[in-house]
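Participant: return atomic coordinates for the entry below.
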Amino acid sequence: MLLFPNAKINLGLSITGKRPDGYHNLLTVFYPISLADMLEFVEDPKVPKGQINITLTGISVDGDPMNNLCVKAYRLLNDDFGLPGISVHLHKIIPIGAGLGGGSSDAAFMLKGLNSHFNLSVAQEKLEEYAARLGSDCAFFIRNQPLFALERGNVFRDIKLTLDDYFIMLIHPGIHISTSEAYSQITPAIPERSPDLIVQLPVKEWREELKNDFENNILLKHPEISRIKERLYASGALYACMSGSGSSVFGIFSKMPSVPEDLGGYFHWKGKLKAEVEGNP
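Facilitator: Model (predicted):
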């Protein structure tokens, strides 16, 4: 089975409180974009039942491949269903540690793909439970549609939001933002207006209203990220923001943008925004 796990962006992100389990509660709107990895798996008679073999290409992924989230997703379902042995190939295109949810998407698509291929009949709600065990934003990619997220980012409410008339340009400067750095100096607070309400306004009004709490600290520590955001606005973006905890920055445009020459050396991607992306199993 060939799958195309796509990335996401955050439209607003408010950190509202520290949880007893060490995580933070948040409010954000997840929106899928078409930038995607390539993931393929096949039943392999050379691989013993309940075992998985994985190869990785594309963007380099640090660490033991057997600790990849795709492997962990397979093991979760294998524990409950006893799956045949499979071989997996993951070609990474989505930048890693960029606030785009690439690894979480890979895992969620593995869960959905295995469920479909082996006719496991696992309901969506149960798939989301499996996904939430793998990562806070992993469960979003089970539905893979615009959603308002609460708590750790794994509790969802439906939202009516379509940006089909708009385009996106994404820039990733390759700056690593650690989780501890992202949360340092964050003072949790309930926003005056929740992101799910702000995104109902015209996109051109988002600039003053729709904020990412991580930006306050990170843009000061990393001026290049701030410069990228301003360059997107100078290039005609109606709205620009860092996605998640960064360091990717995206701009939303009314027409297909051109990549500024001074940003062309960074990873960049642009395309049409769609409420539904292709490639779901």
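Participant: any regions of this structure where pLDDT drops low?
Facilitator: Low-confidence segments of the chain (pLDDT under 70): 278-280.
Participant: that one: strands as residue ranges?
Facilitator: 2-3, 6-18, 24-36, 38-43, 52-58, 86-92, 147-150, 155-158, 167-172, 239-242, 249-253, 267-272 (DSSP state E).
Participant: and these as JSON lines, adding mean neighbour count and distance to residue 109?
Facilitator: Any C-beta I mention is one placed from the backbone N, CA and C, and that applies to glycine too. Shown next, in JSON lines, are the strands of the chain (neighbours: other Cβ atoms under 10 Å; distance: least, Cβ to Cβ, whole Å):
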{"stretch": "strand 2-3", "mean neighbour count": "18", "distance to residue 109": "5"}
{"stretch": "strand 6-18", "mean neighbour count": "22", "distance to residue 109": "8"}
{"stretch": "strand 24-36", "mean neighbour count": "22", "distance to residue 109": "9"}
{"stretch": "strand 38-43", "mean neighbour count": "17", "distance to residue 109": "6"}
{"stretch": "strand 52-58", "mean neighbour count": "15", "distance to residue 109": "14"}
{"stretch": "strand 86-92", "mean neighbour count": "19", "distance to residue 109": "10"}
{"stretch": "strand 147-150", "mean neighbour count": "21", "distance to residue 109": "16"}
{"stretch": "strand 155-158", "mean neighbour count": "13", "distance to residue 109": "18"}
{"stretch": "strand 167-172", "mean neighbour count": "23", "distance to residue 109": "20"}
{"stretch": "strand 239-242", "mean neighbour count": "24", "distance to residue 109": "25"}
{"stretch": "strand 249-253", "mean neighbour count": "26", "distance to residue 109": "21"}
{"stretch": "strand 267-272", "mean neighbour count": "16", "distance to residue 109": "19"}
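Participant: can you tell me the centre-most residue of this structure?
Facilitator: Centrality entry for the chain: nearest residue to the mean C-alpha point is residue 101, 2.5 Å, by Cα atoms, centre = their mean.
Participant: I figured it was touching residue 136, is that so?
Facilitator: No: contact status for residue 101 versus residue 136: not in contact, 9.7 Å apart, counting by Cβ atoms under 8 Å.
Participant: rewinding a little: can you redo the strands of the chain as a markdown table with distance to residue 186?
Facilitator: Output for the strands of the chain, formatted as a markdown table (distance: least, Cβ to Cβ, whole Å):
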| stretch | distance to residue 186 |
| --- | --- |
| strand 2-3 | 35 |
| strand 6-18 | 5 |
| strand 24-36 | 8 |
| strand 38-43 | 33 |
| strand 52-58 | 32 |
| strand 86-92 | 29 |
| strand 147-150 | 17 |
| strand 155-158 | 20 |
| strand 167-172 | 22 |
| strand 239-242 | 14 |
| strand 249-253 | 19 |
| strand 267-272 | 26 |
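Participant: returning to what we had before: what's the nearest residue to the residue nearest to the centre of the chain if we skip its chain neighbours?
Facilitator: residue 8 (4.7 Å; Cβ to Cβ, 6 or more residues apart in numbering).
Participant: tell me the spacing between the one you found and residue 182.
Facilitator: 17 Å (Cβ to Cβ, to the nearest Å).
Participant: who does residue 54 form a beta bridge with?
Facilitator: residue 88 (DSSP bridges).
Participant: what does residue 11 give?
Facilitator: residue 29.
Participant: measure the residue nearest to the centre of the chain to residue 21 for me?
Facilitator: From residue 101 to residue 21 the distance is 21 Å (Cβ to Cβ).
Participant: can you check residue 3 too?
Facilitator: From residue 3 to residue 21 the distance is 31 Å (Cβ to Cβ).
Participant: same thing with residue 155?
Facilitator: Residue 155 is 14 Å from residue 21, by Cβ to Cβ.
Participant: same deal with residue 58?
Facilitator: From residue 58 to residue 21 the distance is 34 Å (Cβ to Cβ).
Participant: please apply the same query to residue 182.
Facilitator: Taken as Cβ to Cβ, the span from residue 182 to residue 21 is 18 Å.
Participant: looking at this structure, which helix is longest?
Facilitator: helix 102-117 (DSSP state H).
Participant: my guess is residue 54 meets residue 66, correct?
Facilitator: Yes: using Cβ under 8 Å, residue 54 is in contact with residue 66, at 7.1 Å.
Participant: burial of residue 257, as a residue count?
Facilitator: Burial measure for residue 257: 17 neighbouring residues, criterion other Cβ atoms under 10 Å.
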